[in-house]
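**Q** fold the following and give me the result.
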Amino acid sequence: MPIEIGRIEALFRYPVKSMRGEQLDAASLGWHGIEGDRRLAFRRVHERSGMPWLTARKLPELVSFVPLRREGDDDEALPTHVRTPEGEVMPVFGEALAAEVERRAGTPVQMMQLNNGIFDDASISVIACATVFELGRRAKTNVDVRRFRPNILVRSTRAVPFEEDRWVGGVLAFGEASDAPAVTVTARDPRCAMVNIDPDGGKSTPEVLKVCVRANDRNAGVYGAVTRIGRLTVGQSVVLHVSA
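**A** Model prediction:
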């Protein structure tokens with residue numbers, strides 16, 4: 001039976017992989033995730049593995065680069081420029097930005113655009129407020145949810161840490177209408193060193209990943225696949241549908 005488990009607390013989108021994200025009041029959920037999410041990324045030119053993308057795991061400073069749109073552009077338009085940590089604004093596909101990132105990373109890079117998104121595992125990630133709070137409590141620090149780079153932050157009614165694990169195999173619908181946008185929860189989200197990186201400045205706090213490992217076998221939040229498209233808004237109800 002469908003069970004209302006909470007509300008959308010916040011929505012996030014990351015136009016350029018590993019760069020500063022955006023907090024949204026509303027977003028369009030398409031078949032390839034939130035529109036405009038992770039459509040751009042730097043490719044390491046000489047990398048021949050299945051994961052050629054430059055991420056903040058390799059270059060923590062990337063989180064301090066800020067994607068920018070032209071004034072008047074639609075909220076879902078891709079960024080045209082990027083502001084560096086020092087405040088210089090450069091075209092997103094320009095040679096100057098690539099050279100700046102290459103200088104910091106120590107390897108040649110090329111900005112790439114993939115219209116279906118550039119994801120490590122899945123196009124949607126969801127985490128609950130109680131999970132973030134619990135990890136902060138165990139790490140004895142104020143853990144910013146942006147460390148986990150979720151698309152959807154849920155404030156659940158039960159407020160039980162790692163409640164998301166029980167959602168795997170079910171469907172999360174956002175809103176009460178029969179055609180509400182929905183995501184099938186496919187797997188727990190195994191965390192990496194990205195969660196150690198402070199989203200404001202890139203400083204590393206290794207204890208955050210350590211508590212993920214100790215508290216829930218490295219997992220925090222869940223991944224999902226879009227099963228019904230539509231509009232997401234902060235405050236929408238979150239309804240869990242599970243098979244009998």
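
**Q** which stretch of helix or strand covers Gly72?
**A** Using DSSP states H and E, Gly72 sits within no helix or strand.

**Q** right, I mislabeled it, should have said Val208
**A** Assigned by DSSP H and E, Val208 belongs to helix 207-216.

**Q** quick one: list the elements packing against that helix.
**A** Packing partners of helix 207-216 (3 or more C-beta pairs under 8 Å, 6 or more residues apart in numbering; DSSP states H and E): helix 129-139. Yep, even glycine has a C-beta here, placed from its N, CA and C like the rest.

**Q** let's see it at 10 Å
**A** Applying 3 or more C-beta pairs under 10 Å, 6 or more residues apart in numbering; DSSP states H and E, one finds that helix 207-216 makes contact with helix 129-139, strand 182-190, strand 219-228.

**Q** next, the angle strand 182-190 makes with it.
**A** 100 degrees (axes from the mean of the first three to the mean of the last three C-alpha atoms, to 10 degrees).

**Q** ok, Val109 - contacts?
**A** With contact taken as C-beta atoms under 10 Å, 6 or more residues apart in numbering, Val109 is in contact with 41-47, 52-54, 59, 97-102.

**Q** of all the helices and strands packed on helix 207-216, which one is nearest Glu86?
**A** Between Glu86 and those, the shortest separation by C-beta to C-beta is 30.0 Å, and it involves helix 129-139.

**Q** what is the orientation angle of that closest one with helix 207-216?
**A** Using the same axes, to 10 degrees: helix 129-139 against helix 207-216 is 110 degrees.

**Q** quick one: buried residues of helix 129-139?
**A** Cys129, Ala130, Thr131, Val132, Glu134, Leu135, Gly136, Arg138, Ala139 (16 or more other C-beta atoms under 10 Å).

**Q** just stretch 157-170 next, same as before
**A** Using 16+ other C-beta under 10 Å as the test for burial, stretch 157-170 gives Pro161, Phe162, Glu163, Glu164, Asp165, Trp167, Gly170.

**Q** average pLDDT across it?
**A** The average pLDDT for stretch 157-170 rounds to 96.

**Q** repeat that for stretch 51-70.
**A** 94.

**Q** coming back round to it: what lies in contact with the helix holding Val208?
**A** Here helix 207-216 has contacts from 131, 134-141, 143-144, 147-148, 161-162, 164-165, 188-198, 218-220, using C-beta under 10 Å, 6+ apart.

**Q** could you give the angle of it to strand 219-228?
**A** Going by the same axes, to 10 degrees, helix 207-216 makes 80 degrees with strand 219-228.

**Q** quick one: distance of helix 207-216 to the chain centre.
**A** 19 Å (C-alpha atoms, centre = their mean, to the nearest Å).

**Q** what comes up buried for that helix?
**A** For helix 207-216, by 16+ other C-beta under 10 Å, it's Val208, Leu209, Val211, Cys212, Ala215, Asn216.

**Q** just for this protein, where's the confidence low?
**A** 244 (pLDDT under 70).

**Q** now tabulate the helices and strands packed on helix 207-216 in CSV and tack on distance to Gly21.
**A** Converted to CSV, the helices and strands packed on helix 207-216 look like this (distance: least, C-beta to C-beta, whole Å):
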stretch, distance to Gly21
helix 129-139, 15
strand 182-190, 16
strand 219-228, 15
